[in-house]
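Visitor: I would like the atomic coordinates for the input below:
(one chain, ligands or ions: 1)
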Amino acid sequence: MNENIIAIDGPAGSGKSSVAREIAQRSTYQYFDSGAYYRAVTLYFMKRHEELGGKGKFYDFLNHYEFLNKLNSIQLSATLQKKSENLIFLGQEDVTIEIRHPEVTGNIKYLAPYREVRDFINANLIELARVNRLIMDGRDIGTEVFPDAKFKFFLTADAKIRARRRWDELKEQGIDTDYEKLLEEIQKRDESDQNRKIAPLKQAEDAFLIDTSNLSKNVVINMILSRI
Ligand code: CDP
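Guide: Numbers count the residues shown, from 1 in each chain. As a prediction, this is how the structure comes out:
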């Protein structure tokens, strides 16, 4: 049993990241969002596409580029911070902000299903865990990446509530979005995350399930803290 890992899995908007971030601030664990590495790997290939003229669809480019053979040329790293956002790097380049672009979010689905991509990212996540105690959120942290984690939680919530939370979050950042579009995007992402053959989004047998639909962030945080 690995006591140095708290795994928090669940779909987009289930509250994983805000809850995990706060638990990190109140404990000796560092927060890490595994999605950031999926985003960074996607961005890496989007940059290569652009460098080569950016013609055609990204999906077609990936196949021509034989991207699976190029994974090992990606240098992923992170600077973990307690009080502010972790910094994510591709080589020497700080991509912390760029990886959050909606175009990146939309392209992850072309890469996340591949075993090679997941193995590459998992190796990087395991490396981070070698030197840090981590509370890590994602889709497969308790099932695939750290099946031996002592503490595992699976957060979920009704899709409409999750879309509403995303809408509120964006509004707070001054971004006005269409609620229906957000809901559709969340449902599409659920669908591709749950149905991929390799490491799909699902609750680990030994994970504690929390439906956050009608729970405040503080209640969820306390439920988790009381278990760890
Ligand atoms: O925070 P949000 O739910 O918007 O997304 P994220 O955590 O940044 O993850 C973005 C995408 O990366 C997810 O929709 C998954 O397709 C993929 N991902 C994954 O496959 N496995 C993980 N452990 C984390 C993310």
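
Visitor: which residues sit in contact with the residue minimising distance to the centre of the chain?
Guide: Centroid check for the chain by C-alpha atoms, centre = their mean gives Gly35 as the closest residue, at 2.1 Å. For Gly35, the residues meeting the contact criterion (C-beta atoms under 8 Å, 6 or more residues apart in numbering) are 137-139. For every residue, glycine as well, the C-beta is placed using N, CA and C.

Visitor: please redo it, this time with the cut-off set to 7 Å
Guide: Gly35 makes contacts with Gly138, as judged by C-beta atoms under 7 Å, 6 or more residues apart in numbering.

Visitor: Let me know the pLDDT of it.
Guide: Per-residue confidence (pLDDT) for Gly35: 96.

Visitor: Sketch out the low-pLDDT regions of the chain for me.
Guide: For the chain, not a single residue meets the criterion pLDDT under 70.

Visitor: So the residue of it positioned farthest from its centre, which state does it fall into?
Guide: No residue in the chain has its C-alpha farther from the mean C-alpha position than Gly53, which lies at 28.9 Å (C-alpha atoms, centre = their mean). When classified by DSSP: H, G, I helix; E, B strand; the rest coil, Gly53 comes out as coil.

Visitor: from the chain's centre, how far out does the host helix or strand of Asp137 sit?
Guide: Using DSSP states H and E, Asp137 sits in strand 134-138. For strand 134-138, the distance between its averaged C-alpha position and the chain's averaged C-alpha position is 9 Å (C-alpha atoms, centre = their mean, to the nearest Å).

Visitor: With stretch 13-25 instead?
Guide: When C-alpha coordinates are averaged (C-alpha atoms, centre = their mean), stretch 13-25 and its chain have centres 12 Å apart.

Visitor: Export it to PDB, keeping only CA atoms.
Guide: The C-alpha trace of stretch 13-25 is given here as PDB (Å, rounded to 0.1, in the frame of the first residue of the first chain):
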ATOM      1  CA  GLY A  13     -16.500  19.100 -13.500                       C
ATOM      2  CA  SER A  14     -17.000  16.600 -10.700                       C
ATOM      3  CA  GLY A  15     -14.900  18.900  -8.400                       C
ATOM      4  CA  LYS A  16     -11.700  16.900  -8.300                       C
ATOM      5  CA  SER A  17      -9.300  19.700  -8.900                       C
ATOM      6  CA  SER A  18     -10.700  22.300  -6.600                       C
ATOM      7  CA  VAL A  19     -11.100  19.800  -3.800                       C
ATOM      8  CA  ALA A  20      -7.600  18.200  -4.400                       C
ATOM      9  CA  ARG A  21      -6.000  21.600  -4.500                       C
ATOM     10  CA  GLU A  22      -7.400  22.600  -1.200                       C
ATOM     11  CA  ILE A  23      -6.500  19.300   0.500                       C
ATOM     12  CA  ALA A  24      -2.900  19.900  -0.700                       C
ATOM     13  CA  GLN A  25      -2.900  23.300   1.000                       C
END
